[in-house]
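Visitor: sequence and predicted structure below; questions after.
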Amino acid sequence: MPDGVVQWFDPATGEAAIVRGNHVFVATRADMESAACHAGARVHFDVSHDSAAARAVNVTLREGTRVSRRQRRFGDLSGSHHPDASASAPFPHAHPELGHELGDHPLEVARSWASFVVKGDLDTAMALYAPDAVVHTADGTVAGRSRVLAFLETSGLIGSDEIPVVHGTDDMVTVIWARTAGGGAGLAMRCRIAHAQIAEQWVEPAPTGIAPATAPSPIEVSVHGRVEHADVEYARKRLESVIDHLGEPVLFARLRLTMAADPARERPAMAQASLDIDGEVLRAHVAAQEMNEAADLLQRRLLDQVAQRASHRRALRRRSGLADPGEWRHGDLPTHRPDHFERPRDERRIVRHKTFALEELTPDEAAFDMEQLDYDFHLFRDLASGEDALLERLEDQTYRLTRLHPVAVDPGPTAIPLTVAESPPATATVSETVLRIDASDEPFVFFADPATGRGAVLYRRYDGHYGLITAA
């Protein structure tokens, strides 16, 4: 009997995968000893071949394998001669070589599979199939890896210049090509994703109303949730108009549309875009009630960033003493000046106090407001958690989100590089915060005001005095 390791076991369906070397064998609960029905268990098994794949049968736990969760390391071999023979699940995700995100996102599995097929990288595409995967075509069912590979080679998808639309919910994902290679008829592939692998596919004609693109589009589109195809095309056109407006080489563009399933969410439609403008990345992320509204907001946000980017470049050239194209300039470069006046501590006062109602924003919207106003931080109300929060720009040009109270709420996908602070800000009075900033010379301090229970920020002004921002 060969030996292997249980890669994963699904208690809901009773299905499992057992790995031995570079081979993966499928198994079912009926063919497994109950003690072996755990990810990471080391097992003996027999091999049975059928038309789809090699299956593991008579699966039993290897002698000496621990199975109790109360033991220190589940699944260890007490009599093993190898120190690395531990049994925490050895495969935390199915495709480590393809990126960590594939393990948890069926849409990313389907998108990656489509990308590899179009490029002709069929070996990598086949790695995304389950060992017993089947493909249902108009001519019948295709089972077995060699037959699935032969189907892909003749599908007409290799070399297609059409960027497919990917959408779906849970484990059912549809990939649609408006046309195949050589201008052939469109094709749709419905995929059932299980454990980050394609378990089953259905080949169908592409839905009517999808017109082939007149030229290859530089935009990679991914869709999450229930997003209509018309909304995808509308958002694509809005992003294309931004690219046309740029007048610069765009090396890559990504559009991500998400419709949240939570009916209580105030703005469930989210649109996210990333543009690689000759090596410089421009990102935007917006949320709205409807997807078309989100596409319009995304277009305006990107155009604002393009205008701000051009203005910022002009300002940098002037501050650096460099001349614009066709402009003559003489004189020395500007003198470097500190960010604020080093006023003695005993002379510092709070000379500016602003109180306003905090606007509910996503981290991306808060970052955009920061960039527009040229601030280093922004006090707002976090849309995902409802908490007062502070977004600050770090030295490495990433962002950190600090909420007033610790809550286990995911801020959702963001266009900006974002980390969420694990510790909440200190609760302190204004006087105590003044003493802290005097002692530390921090540029600003986010704190919880015990008098109001709301967030506040004490910051250092350019004149060496202090400013205070409180929530209404």
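Guide: Now that the structure is in, tell me what you want to look at.
Visitor: the strands in the stretch 201-350 of the chain, which residues?
Guide: 219-224, 250-259, 269-277, 280-288, 350-356 (DSSP state E, counting those that start in this stretch).
Visitor: and those strands as TSV, adding distance to Pro205 and mean pLDDT?
Guide: In short, each C-beta sits where N, CA and C put it, glycine included. Converted to TSV, the strands of the stretch 201-350 of the chain look like this (distance: least, C-beta to C-beta, whole Å; pLDDT from 0 to 100):
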stretch	distance to Pro205	mean pLDDT
strand 219-224	20	84
strand 250-259	24	84
strand 269-277	29	84
strand 280-288	33	81
strand 350-356	56	87
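Visitor: would you format these as a markdown table with distance to Arg238 and mean neighbour count included?
Guide: Output for the strands of the stretch 201-350 of the chain, formatted as a markdown table (distance: least, C-beta to C-beta, whole Å; neighbours: other C-beta atoms under 10 Å):
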| stretch | distance to Arg238 | mean neighbour count |
| --- | --- | --- |
| strand 219-224 | 11 | 21 |
| strand 250-259 | 9 | 19 |
| strand 269-277 | 9 | 22 |
| strand 280-288 | 11 | 20 |
| strand 350-356 | 32 | 12 |
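Visitor: can I get these in a markdown table including distance to Asp388?
Guide: Listed next are those as a markdown table, based on distance: least, C-beta to C-beta, whole Å:
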| stretch | distance to Asp388 |
| --- | --- |
| strand 219-224 | 29 |
| strand 250-259 | 25 |
| strand 269-277 | 22 |
| strand 280-288 | 19 |
| strand 350-356 | 12 |
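Visitor: out of the ones you listed, nearest to Pro417?
Guide: Nearest to Pro417 among the strands of the stretch 201-350 of the chain is strand 280-288 (9.1 Å), distances taken as C-beta to C-beta.
Visitor: Ser431: which of the strands of the stretch 201-350 of the chain is closest?
Guide: If you check each of the strands of the stretch 201-350 of the chain against Ser431 by C-beta to C-beta, strand 350-356 wins as the nearest, at 10.0 Å.
Visitor: distance of Leu303 from Leu275?
Guide: Going from Leu303 to Leu275 by C-beta to C-beta, to the nearest Å gives 12 Å.
Visitor: mutual contacts of the two, please.
Guide: Common contacts of Leu303 and Leu275, defined by C-beta atoms under 8 Å, 6 or more residues apart in numbering, comprise Val242.
Visitor: hmm, back to that, ok, which of the strands of the stretch 201-350 of the chain comes nearest Tyr466?
Guide: Of all the strands of the stretch 201-350 of the chain, strand 350-356 comes closest under C-beta to C-beta, at 4.7 Å.
Visitor: skip ahead from that closest one and say which helix or strand is next.
Guide: strand 360-361 (DSSP states H and E).
Visitor: which strands and helices sit next to that next one?
Guide: strand 377-382 (3 or more C-beta pairs under 8 Å, 6 or more residues apart in numbering; DSSP states H and E).
Visitor: then the strand it packs on to PDB, C-alphas only?
Guide: Output in PDB follows, covering the C-alpha atoms of strand 377-382 (Å, rounded to 0.1, in the frame of the first residue of the first chain):
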ATOM      1  CA  PHE A 377      -3.300  62.500   7.900                       C
ATOM      2  CA  HIS A 378      -7.100  62.600   7.700                       C
ATOM      3  CA  LEU A 379      -9.700  62.200  10.500                       C
ATOM      4  CA  PHE A 380     -13.000  60.600   9.200                       C
ATOM      5  CA  ARG A 381     -15.600  58.100  10.000                       C
ATOM      6  CA  ASP A 382     -14.800  54.600   8.700                       C
END
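Visitor: what does that strand contact?
Guide: For strand 377-382, contacts defined as C-beta under 8 Å, 6+ apart pick out 358-361, 363, 366-367, 369-370, 387-393, 401, 403, 411, 444, 446, 455-457, 459, 469, 471.
Visitor: partners of it, with directions?
Guide: strand 360-361 (parallel), strand 388-393 (antiparallel) (DSSP bridges).
Visitor: where are the low-confidence patches of the stretch 51-200 of the chain?
Guide: The stretch 51-200 of the chain contains residues with pLDDT under 70 at 51-53, 63-105, 161-163, 169-170.
Visitor: residue ranges of the helices in the stretch 101-250 of the chain, please?
Guide: 106-119, 122-126, 145-153, 229-246 (DSSP state H, counting those that start in this stretch).
Visitor: got the domain boundaries for the chain?
Guide: 3-92, 95-216, 225-323, 346-471 (automatic domain parsing).
Visitor: report the contact partners of the residue lying closest to Leu401 once chain neighbours are set aside.
Guide: Counting by C-beta to C-beta, 6 or more residues apart in numbering, Leu401 lies nearest to Val420, which is 5.0 Å off, once chain neighbours are set aside. By C-beta under 8 Å, 6+ apart, the residues touching Val420 are Arg400, Leu401, Thr402, Arg403, Pro411.
Visitor: thinking again about what came up before, right, so the helices of the stretch 101-250 of the chain: which one is the most enclosed?
Guide: helix 106-119 (a mean of 22; mean count of other C-beta atoms under 10 Å).
Visitor: give the buried residues for stretch 3-16.
Guide: Across stretch 3-16, burial judged by 16 or more other C-beta atoms under 10 Å covers Gly4, Val5, Val6, Gln7, Trp8, Phe9, Glu15, Ala16.
Visitor: of the residues you listed, which is the nearest to Val135?
Guide: The closest of the buried residues of stretch 3-16 to Val135 turns out to be Glu15 (C-beta to C-beta; 18.5 Å).
Visitor: the residue nearest to the closest one when sequence neighbours are not counted: neighbouring residues, count only.
Guide: Excluding the flanking residues, the one nearest Glu15 by C-beta to C-beta, 6+ apart is Thr28, at 6.1 Å. Thr28 has 14 neighbours, counted by other C-beta atoms under 10 Å.
Visitor: got the contact list for Thr28?
Guide: Applying C-beta under 8 Å, 6+ apart, the residues near Thr28 are Gly14, Glu15, Ala16.
Visitor: any idea how far Ala366 is from it?
Guide: 50 Å.
Visitor: swap in Arg309?
Guide: For Arg309, the distance to Ala366 - C-beta to C-beta - is 19 Å.
Visitor: what do you get for Ala357?
Guide: Relative to Ala366, and taking C-beta to C-beta, Ala357 is found at 15 Å.
Visitor: those two: who's more crowded?
Guide: Ala366 (25 against 8).
Visitor: in what helix or strand does the more buried one lie?
Guide: Here Ala366, judged by DSSP H and E, is contained in helix 363-373.
Visitor: helices and strands around that helix, which ones?
Guide: Helix 363-373 packs on strand 280-288, helix 291-320, strand 377-382, strand 388-393, strand 399-403, going by 3+ C-beta pairs under 8 Å, 6+ apart.
Visitor: what is the burial count for Asp376?
Guide: For Asp376, using other C-beta under 10 Å, the count is 13.
Visitor: same question, Ala194
Guide: That count, for Ala194 with other C-beta under 10 Å as the rule, works out to 19.
Visitor: one more: the one 10 residues further on?
Guide: Residues contacting Glu204 under the criterion other C-beta under 10 Å number 16.
Visitor: contacting residues for it?
Guide: Contacts of Glu204 by C-beta under 8 Å, 6+ apart are Leu187, Ala188, Met189, Arg190.
Visitor: ok, so what distance separates the residue nearest to Glu347 when sequence neighbours are not counted from Phe341?
Guide: Nearest non-adjacent residue to Glu347, counting by C-beta to C-beta, 6+ apart: Gly464, 7.6 Å away. Noted for Gly464: a distance of 4 Å to Phe341, by C-beta to C-beta.
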